[in-house]
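Visitor: please work out how this folds:
(one chain, ligands or ions: 1)
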Amino acid sequence: MFDPLKPRTCQEPVIELPHHDLPEEPGPAEGCDVCNALDRRRTAARQVGDMSKVTDCNVELRRHPHLREKQREKR
Ligand SMILES: [Zn+2]
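Guide: Modelled structure (predicted):
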């Protein structure tokens, strides 16, 4: 019998910990508006459990090109 009020046993894997970034998740590049927007969208998507959108954001973050603009700016 399934009782939703009953605490689960530890047989099932825990799929929370949104604050804990998995190693495969790219972080936003510093000072990049696009990356930071994607990062926020990813966080929001994860909060509503939209994991496919989270993956989309990860792909976009990874793909976003950064041609060392920072180094160029400093020169
Ligand atoms: Zn970027």
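Visitor: how about the nearest residue to Ala45, chain neighbours excluded?
Guide: Leaving aside its chain neighbours, Ala45 sits nearest to Lys53 (3.8 Å; criterion: C-beta to C-beta, 6 or more residues apart in numbering). (Glycine included, C-beta is placed from N, CA and C.)
Visitor: return the residues of the chain in contact with the ion.
Guide: 29, 32, 34-35, 64 (C-beta under 5 Å from the ion).
Visitor: report the buried members of those residues.
Guide: Buried by 16 or more other C-beta atoms under 10 Å: 29, 32, 35, out of the residues of the chain next to the ion.
Visitor: quick one: what helix or strand has the first one in it?
Guide: Which is Ala29. For Ala29, there is no enclosing helix or strand under DSSP states H and E.
Visitor: surely it meets Ala37?
Guide: No: using C-beta atoms under 8 Å, Ala29 is not in contact with Ala37; the gap is 11.8 Å.
Visitor: ok, back up a step: lowest-confidence entry in the buried ones among the residues of the chain next to the ion?
Guide: By pLDDT, Ala29 ranks lowest within these, coming in at 91.
Visitor: list the contacts for that one?
Guide: 35, 64, 66 (C-beta atoms under 8 Å, 6 or more residues apart in numbering).
Visitor: and Val54, how many neighbours?
Guide: Residue crowding around Val54 was assessed by other C-beta atoms under 10 Å; the count is 20.
Visitor: next up, identify which helix or strand it is on.
Guide: Assigned by DSSP H and E, Val54 falls in helix 51-63.
Visitor: which secondary structure elements does that helix contact?
Guide: Packed against helix 51-63 by the contact rule (3 or more C-beta pairs under 8 Å, 6 or more residues apart in numbering; DSSP states H and E) you find helix 33-47.
Visitor: the helix it packs on vs helix 51-63, what angle?
Guide: 160 degrees (axes from the mean of the first three to the mean of the last three C-alpha atoms, to 10 degrees).
Visitor: what residues sit buried inside helix 33-47?
Guide: 35, 38-39, 41-42, 45-46.
Visitor: who's in contact with that helix?
Guide: Defining contact as C-beta under 8 Å, 6+ apart, one finds that helix 33-47 is touched by 18, 25, 27-29, 51, 53-54, 57-58, 60-61, 64.
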